[in-house]
Structure formats: structure tokens, C-alpha cells
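>>> Predicted model, plus sequence, below.
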Amino acid sequence: MSIWQIFVRQFVTLQGYKLVLEGLFNTLIIAVFGLILGFLLGSLVAVTMTLPATKNPLVKALQVLANLYITVFRGTPMVVQLLIIHFVLFPVLNINFSNLILGNFVVQGIVIEAVIAFALNSGAYISEIMRGGINSVDKGQLEAGRALGLSYPKTMISIVVPQAFKNVLPTMGNEFIALIKETSVASFIAVTDLTKAFQNMANSTYEYIVPYVVLAFIYLVLVILITLLVRLMEKKLKTN
């Protein structure tokens, strides 16, 4: 049987394309929403870490918690965090997620769990990225905002963080690419991501070459598209 015949048999005759579409959808949901939530969380942590030195016990406590969060999530493997969150944290807290309907698509509760796990992991890395970006913004920007009567949070949100984001955009693109590839471990909690979909397809026919080559090609296309998107955003931000 030729490679083309194997491809047609697995993806068309046996309707493997349905598995691929499900896996691709779950992978994109986890990566996109994981990045968005991770960015929001990471930015909040970064702002907390860059607060001016003060004797305020609340600020010190927040910075200690932020440091602990970064240390834990950067110091343990993603798959371990995923397993602990799914099998330990959520059961202990008695948290169960129902399926979420987005238009014509249904996001499974297990996928929502994966989004939260990846967002927490990504947030730890993004917080350090954003902290570097905030520190790269001229301190005069913060002082100017305060001189205009803006509060510290308002100055950070309106003036400093947008400039910091512009400075770290290429690194954020790398984080998104890493997140796309890391979603392959979501199958440890029974999520049918892109990798799991192709594994199921290959295991059902015992023909592995074509599915895994196609899998690698899809990941490559996704990375290229993300790279082009980041470069387009950089080009537009340069004119702003």
C-alpha cells in the first residue's frame, strides 16, 4: 500500500479527520486561552514584583507569594503540575467543570481544567518576561504618570505595561510557540489534543509513519503562522 493510499484510508475512509479536527480545536483552545489568562496573571504578578520598596506588610506579603508562585511553577515539570491540579487540587476543592458551549463548539470540562493548568504555568514565565519589560521602560514614564495625578495602578496599566508589552512581544511569541507544543502533555488527563488524536489514529491501524509525519507538519504550520502573526504585530506597533 502506497503512502497516499495509507493517508486516504486513515484520514478519509476511517474518518480520521474528525479526530484531527477535535484535537486541533482542543489544542488551540488550551494554548490561546492559556496564553491570555497567563498574560493577565503574569502581568499582575510582574506589577506586584516591581512595586517600590515599602514597609507595608501587605505589599511584602504579596511579593513573597508572587516569588513562591514563580518558584513553584518554574521549578516543576508541566506534566506534574497538570496531574496535581487534575487529580489532587480540584478533587480536594470539589471543583467540577461542566462543558462550555462556544457557538457551535463544545469545550469539555476536562479541557477547561487543562486551560487553567497551562495558564498557571505560563503565567509564571510571563511574569518574569513582563518584569523585564517593565524594568526596560524609562522610569520617567512612571514619574510622568504620577505627576499627572494618576494612581500607581492606573499609571502601570495605562502607560508602563503597554510599553513593556511592546518591548517583550518577540519573547511572548516564543512563549506562545512553547505553549502550543507543550499541550501535547494534556493527554495525561485524558484530553484529546492534537498529539493524542494522531496517536489514537495510528494505534487503530498500526500504521505510524503517515500520522506522525502529518502531525509534525501541522505543528510546523502552526509555529510558522504564529511567527508571522508576531512579526505582523511588531511591524504595526513600530508605526504606533
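Yep, that arrived.
>>> My guess is Leu100 contacts Ile112. True?
Yes - judged on C-beta atoms under 8 Å, Leu100 makes contact with Ile112 at a distance of 6.4 Å. All C-beta atoms are positioned from the backbone trio N, CA, C, and that covers glycine.
>>> Between these two, which is the more surrounded one?
Shown here are Leu100 and Ile112; by other C-beta atoms under 10 Å, Ile112 has more neighbours (17 against 14).
>>> Doesn't the more buried one lie inside a strand?
No - Ile112 is assigned helix when assessed by DSSP: H, G, I helix; E, B strand; the rest coil, not a strand.
>>> Can you give me the distance of it to Ile30?
As for Ile112, its distance to Ile30 is 9 Å (criterion: C-beta to C-beta, to the nearest Å).
>>> what's the longest helix in this structure?
If you go by DSSP state H, the chain has its longest helix at helix 16-49.
>>> residues of that one that come out buried?
Under the neighbour-count criterion of 16 or more other C-beta atoms under 10 Å, helix 16-49 has 16, 19-20, 22-23, 25-27, 29-31, 33-35, 37-39, 41-49 buried.
>>> the inter-axis angle of the helix or strand where Ile224 lies versus helix 16-49?
Here Ile224, judged by DSSP states H and E, is contained in helix 209-238. Put simply, helix 209-238 runs at 40 degrees to helix 16-49, going by axes from the mean of the first three to the mean of the last three C-alpha atoms, to 10 degrees.
>>> Helix 209-238 packs against which elements?
Counting contacts by 3 or more C-beta pairs under 8 Å, 6 or more residues apart in numbering; DSSP states H and E, helix 209-238 packs against helix 3-8, helix 16-49, helix 161-182, helix 194-205.
>>> So for the second one, mean pLDDT?
So that's helix 16-49. When pLDDT is averaged along helix 16-49, the result is 91.
>>> Mind checking what helix or strand follows that helix in sequence?
Next along the chain after helix 16-49, taking DSSP H and E as the criterion, comes helix 57-75.
>>> got the angle between that following helix and helix 16-49?
140 degrees.
>>> quick check, distance from the helix or strand following helix 57-75 to the centre of its chain.
The helix or strand immediately downstream of helix 57-75 is helix 78-84, counting by DSSP H and E. Centre-to-centre, helix 78-84 and its host chain are 15 Å apart (C-alpha atoms, centre = their mean, to the nearest Å).
>>> and helix 78-84, what does it pack onto?
Where contact means 3+ C-beta pairs under 8 Å, 6+ apart, helix 78-84 is packed against helix 109-136.
>>> So which bits of the helix it packs on are buried?
Neighbour-count burial for helix 109-136, counted by 16+ other C-beta under 10 Å, picks out 110-131, 133-134.
>>> circling back to that earlier point, other SSEs contacting the longest helix of the chain?
Applying 3+ C-beta pairs under 8 Å, 6+ apart, one finds that helix 16-49 makes contact with helix 57-75, helix 109-136, helix 161-182, helix 194-205, helix 209-238.
>>> give me that answer again for 6 Å
Counting contacts by 3 or more C-beta pairs under 6 Å, 6 or more residues apart in numbering; DSSP states H and E, helix 16-49 is packed against helix 57-75, helix 109-136, helix 161-182, helix 194-205.
>>> what about stretch 187-202, distance to the chain center?
18 Å.
>>> Fine by me, thanks again.
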